[in-house]
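Chemist: for reference, the sequence and a predicted model appear below.
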Amino acid sequence: MDERLQQFETKMEKTCEYLEADFMTIRAGRANPHVLDKIRVDYYGSPTPLQQVGNVTVPEPRMIQIAPWEKSLIKAIEKAIMASDIGITPSNDGNVIRLVFPEVTEERRKALVKDVKKKGEDAKVAVRNVRRDGNDFLKKLGKEDVSEDEIKELEDQLQKLTDKFGKDIDKLVEAKSKEIMTV
């Protein structure tokens with residue numbers, strides 16, 4: 001790999017990593033503690049990630065349990081969960097908060113798969129935008145002391161990178177879709 005293309009490969013990798021992280025927050029029937037990753041709790045005036053104010057466990061396949069480090073945080077954690085977009089009402093017994101995930105309907109599964117495919121398509125567009133930026137960069141190089149053959153070779157390498165990350169995105173989408181449709 002030519003070092004001049006390294007920055008574009010890095011951007012494409014970051015796109016795939018972001019997509020993978022985004023897929024982890026999609027709930028597919030089973031309790032996945034990653035759905036709480038984006039939730040921030042008001043901890044003495046500063047927004048703090050939920051995982052830093054309590055112990056998050058999955059005692060059953062469709063339940064997440066949150067045991068706050070301080071009992072006084074229970075109301076703040078409940079408020080943060082209610083304000084989030086996970087769509088589950090928390091219940092507490094004074095010591096721990098429980099999130100019970102309902103069984104996902106077939107219709108909801110299909111909607112989630114559609115959403116996953118759209119996110120995958122958006123990621124592919126982002127990768128192609130990086131390729132476009134790379135091609136613009138190579139055109140500027142062509143105006144300097146770089147031969148046409150060398151530019152052509154770099155463009156081919158950039159296209160191969162784009163194809164590779166496109167296939168990686170397809171694999172991620174396929175795996176997540178399969179996971180969602182598995183009852």
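Modeler: Okay, I see it.

Chemist: all helices of the chain, in order?
Modeler: 6-24, 74-83, 106-142, 148-181 (DSSP state H).

Chemist: nearest to Q51, of those helices?
Modeler: helix 74-83 (11.1 Å; CB to CB). In this view, the C-beta of every residue, glycine as well, is placed from N, C-alpha and C.

Chemist: now that closest one, how far from the centre of its chain.
Modeler: Helix 74-83 sits 23 Å away from the centroid of its parent chain (CA atoms, centre = their mean, to the nearest Å).

Chemist: got the buried residues for that helix?
Modeler: Within helix 74-83, the residues that count as buried by 16 or more other CB atoms under 10 Å are 74, 76-78, 80-81.

Chemist: can I get the helices of the chain in CSV with mean pLDDT?
Modeler: Formatted as CSV, those follow (pLDDT from 0 to 100):
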stretch, mean pLDDT
helix 6-24, 91
helix 74-83, 89
helix 106-142, 91
helix 148-181, 91
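
Chemist: of all these, which one comes closest to D37?
Modeler: Closest to D37 of the helices of the chain is helix 6-24 (CB to CB; 7.1 Å).

Chemist: so what secondary structure elements neighbour that closest one?
Modeler: Where contact means 3 or more CB pairs under 8 Å, 6 or more residues apart in numbering; DSSP states H and E, helix 6-24 is packed against helix 106-142, helix 148-181.

Chemist: out of the buried residues of helix 74-83, who's nearest I66?
Modeler: Using CB to CB, I77 is the member of the buried residues of helix 74-83 that sits closest to I66, with 6.2 Å.

Chemist: now that closest one, nearest residue through space, not along the chain?
Modeler: V41 (5.4 Å; CB to CB, 6 or more residues apart in numbering).

Chemist: swap in D133?
Modeler: Spatially, and ignoring its direct neighbours in sequence, D133 is nearest to F8 (6.8 Å; CB to CB, 6+ apart).

Chemist: so who does that neighbour touch?
Modeler: 130-131, 133-134, 137, 158, 161 (CB atoms under 8 Å, 6 or more residues apart in numbering).

Chemist: neighbour count and distance to K178 added to those, as TSV?
Modeler: Below are the contacts of F8 laid out as TSV (neighbours: other CB atoms under 10 Å; distance: CB to CB, whole Å):
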residue	neighbour count	distance to K178
V130	23	27
R131	21	28
D133	14	33
G134	24	32
F137	16	37
L158	24	31
L161	20	26
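
Chemist: identify the farthest-apart pair in those residues.
Modeler: F137 and L161 (13.1 Å).

Chemist: show me what contacts P33?
Modeler: Applying CB under 8 Å, 6+ apart to P33 gives the contacts 51, 56-58, 64.

Chemist: between those, which is nearest L99?
Modeler: Ranked by distance to L99 (CB to CB), those are led by I64 at 4.4 Å.

Chemist: neighbours of that closest one, just the number please.
Modeler: Neighbours of I64 under the rule other CB atoms under 10 Å: 24.
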